[in-house]
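got a sequence here, can you build the structure:
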Amino acid sequence: APSEPIVIETVCFMPPNASPGTAVPPLVEKINSEMEGKIEFKHLGGSEVIAGLDQFAAVSSGVVDVSFLVSAYYVGDVPGAYSAYLSRIPISEERENGYYDYLKRIHAEENVAFLGRWQDENPFYFWLLEPIEKIEDLEGLMFRGGGVCYDPMFNALGISHTQMSPADVYTALQRGGLDGLGWPMAGINDMGWTEVLGCWLDHEMYPRNNATILMNMDTWNSIPSDIQDELMAVIADWEDNGLPAFFLDERATHREKCLEDHGLTTVELSPEETDEFYDAAYSSAWAFQKEIAPELYDEVYGYIGS
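Predicted coordinates for the structure are as follows:
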């Protein structure tokens with residue numbers, strides 16, 4: 001066994017003050033506590049250290065050891081990982097039914113070890129300036145585009161969309177250049193957007209999220225196998241017990257801020273339109289997964305498709 005802990009340098013794609021990114025320090029602390037003397041995760045920070053869109057390449061090339069990333073940021077490198085946010089089964093079941101091994105395999109092809117997930121129970125919602133009464137009212141509205149996360153669904157619902165940095169969203173909403181956007185509950189208050197938004201659609205999508213823990217493969221292979229197993233057990237325990245509690249609490253906190261502090265109106269669709277909404281959310285995304293990785297579609301849909 002090594003006499004000193006193996007130091008693993010880590011980054012997160014989000015800035016340190018963004019709510020979803022605050023899930024990283026507790027996990028790092030848990031790993032360092034339970035792996036004391038064997039492994040030490042040294043967290044360097046967020047996108048101010050390495051831009052989020054550059055972090056997959058940084059991990060693959062060994063510039064940094066680990067990234068707490070999202071699969072949407074590297075679909076061009078690992079198109080089969082797009083499916084990560086479409087899962088509607090518990091993470092523990094993903095580890096048992098073959099999906100976890102599938103993710104390990106396709107990441108390994110890019111010199112990256114997939115270690116697990118760092119978000120869960122952090123679904124996405126629609127946020128709007130003005131309330132809608134029916135799903136047809138979404139047609140023609142302008143939303144901040146979310147790339148591969150939202151755009152297939154926006155297209156299915158007739159929503160226009162434009163790519164925009166989160167830093168520019170507040171002004172665009174304030175001036176009417178945007179009618180809305182998609183974003184998780186945990187984090188919607190961070191940018192001040194709820195000061196200008198008027199309502200939210202109380203229908204959650206993609207609860208597993210698409211946040212992935214990625215390690216450089218050479219770094220992973222340098223870790224003795226018994227320590228690898230211990231590290232994976234710590235991460236699995238965090239996925240099963242730490243993550244759900246963390247994000248359910250975050251969602252409750254941000255929901256309270258939205259409703260009580262900012263007075264956002266809650267909109268609920270009829271049961272029939274709710275079904276239409278979810279069909280658009282999942283069928284459009286699965287169609288996109290098939291388009292970008294047709295050779296993997298049947299396999300991945302067999303694991304988590306519904």
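
quick check on residue 40: phi, psi?
Main-chain dihedrals, residue 40, degrees, to the nearest 10: phi -130, psi 120.

residue 97: neighbouring residues, count only.
14 (other C-beta atoms under 10 Å). Where you see a C-beta, it was placed from the backbone N, CA and C, and this is true even at glycine.

so which strand or helix has residue 290?
For residue 290, the host element (DSSP states H and E) is helix 271-292.

what is the subsequent helix or strand relative to that helix?
helix 294-304.

please verify my assumption that residue 122 contacts residue 183.
No: contact between residue 122 and residue 183 fails when scored by C-beta atoms under 8 Å: they sit 10.6 Å apart.

mind listing what's buried in stretch 271-289?
Neighbour-count burial for stretch 271-289 flags 276, 277, 280, 281, 282, 284, 285, 286, 288, 289 (criterion: 16 or more other C-beta atoms under 10 Å).

and the nearest residue to residue 17 once chain neighbours are set aside, which of the three is it?
Leaving out its chain neighbours, the residue that sits closest to residue 17 by C-beta to C-beta, 6 or more residues apart in numbering is residue 190, at 7.1 Å. Three-state assignment for residue 190 (DSSP: H, G, I helix; E, B strand; the rest coil): coil.

what does the helix or strand bottoming out on mean pLDDT in the chain contact?
Counting by mean pLDDT, DSSP states H and E, the chain has its least confident helix or strand at helix 243-256, which shows a mean of 84. When contacts are defined by C-beta atoms under 8 Å, 6 or more residues apart in numbering, helix 243-256 is touched by residues 19-20, 22-23, 26, 91, 117-122, 185-189.

go on, stretch 141-149?
72, 75, 82, 85, 124, 126, 128, 150-151, 154, 159-164, 169, 172, 177-182, 206, 210, 288.

6 Å instead, please
72, 75, 151, 154, 159-164, 169, 178-182 (C-beta atoms under 6 Å, 6 or more residues apart in numbering).

so residue 207 is in which element?
Residue 207 belongs to no helix or strand, assigned by DSSP H and E.

re the thing from before, tell me the first helix or strand C-terminal of the least confident helix or strand of the chain.
strand 265-267.

give me the sheet partners of that next one and which way each runs.
strand 199-205 (parallel) (DSSP bridges).

next, the buried residues of stretch 188-197.
188, 189, 190, 193, 194, 196, 197.

residue contacts, the fourth one?
In this structure, residue 193 makes contact with residue 170, judged by C-beta under 6 Å, 6+ apart.

got the phi and psi for residue 39?
Per degrees, to the nearest 10, the backbone of residue 39 is at phi -140, psi 140.

my read: it touches residue 4, true?
No: using C-beta atoms under 6 Å, residue 39 makes no contact with residue 4, being 10.6 Å away.

out of the buried residues of stretch 188-197, which comes closest to residue 219?
residue 190 (31.2 Å; C-beta to C-beta).

pLDDT wise, what is that closest one at?
With respect to pLDDT, residue 190 scores 83.

hang on, it packs against residue 16?
No: the criterion here is C-beta under 6 Å, and residue 190 misses it with residue 16 at 11.3 Å.

which stretches of the stretch 1-150 of the chain have low pLDDT?
1-2 (pLDDT under 70).

could you pull out the helices for it?
For the stretch 1-150 of the chain, applying DSSP state H, counting those that start in this stretch gives helices covering 24-34, 55-61, 91-97, 99-108.

I'd like to know which elements the last one is packed against.
By that I understand helix 99-108. Judged by 3 or more C-beta pairs under 6 Å, 6 or more residues apart in numbering; DSSP states H and E, the packing partners of helix 99-108 are strand 112-117.

in its sheet, what does the strand it packs on sit against?
strand 211-216 (antiparallel).

what angle do helix 99-108 and the strand it pairs with make with each other?
Orientation of strand 211-216 against helix 99-108 (axes from the mean of the first three to the mean of the last three C-alpha atoms, to 10 degrees) gives an angle of 50 degrees.

before we move on, back to that, distance from the chain centre to the least confident helix or strand of the chain, please.
Centroid separation for helix 243-256 versus its chain: 15 Å, with C-alpha atoms, centre = their mean, to the nearest Å.

so which bits of it are buried?
For helix 243-256, by 16+ other C-beta under 10 Å, it's 243, 244, 246, 247, 250, 251, 254, 255.

keeping just the C-alphas, turn that helix into CSV.
Provided in CSV are the C-alpha atoms of helix 243-256 (Å, rounded to 0.1, in the frame of the first residue of the first chain):
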residue,chain,number,x,y,z
LEU,A,243,-27.5,12.4,-3.2
PRO,A,244,-31.2,12.0,-2.8
ALA,A,245,-31.3,13.7,0.6
PHE,A,246,-29.1,16.5,-0.6
PHE,A,247,-31.1,17.4,-3.7
LEU,A,248,-34.5,16.9,-2.2
ASP,A,249,-33.5,19.4,0.5
GLU,A,250,-32.1,21.8,-2.2
ARG,A,251,-35.4,21.5,-4.2
ALA,A,252,-37.5,22.2,-1.1
THR,A,253,-35.4,25.3,-0.3
HIS,A,254,-35.5,26.7,-3.8
ARG,A,255,-39.2,26.0,-4.2
GLU,A,256,-39.9,27.9,-1.0
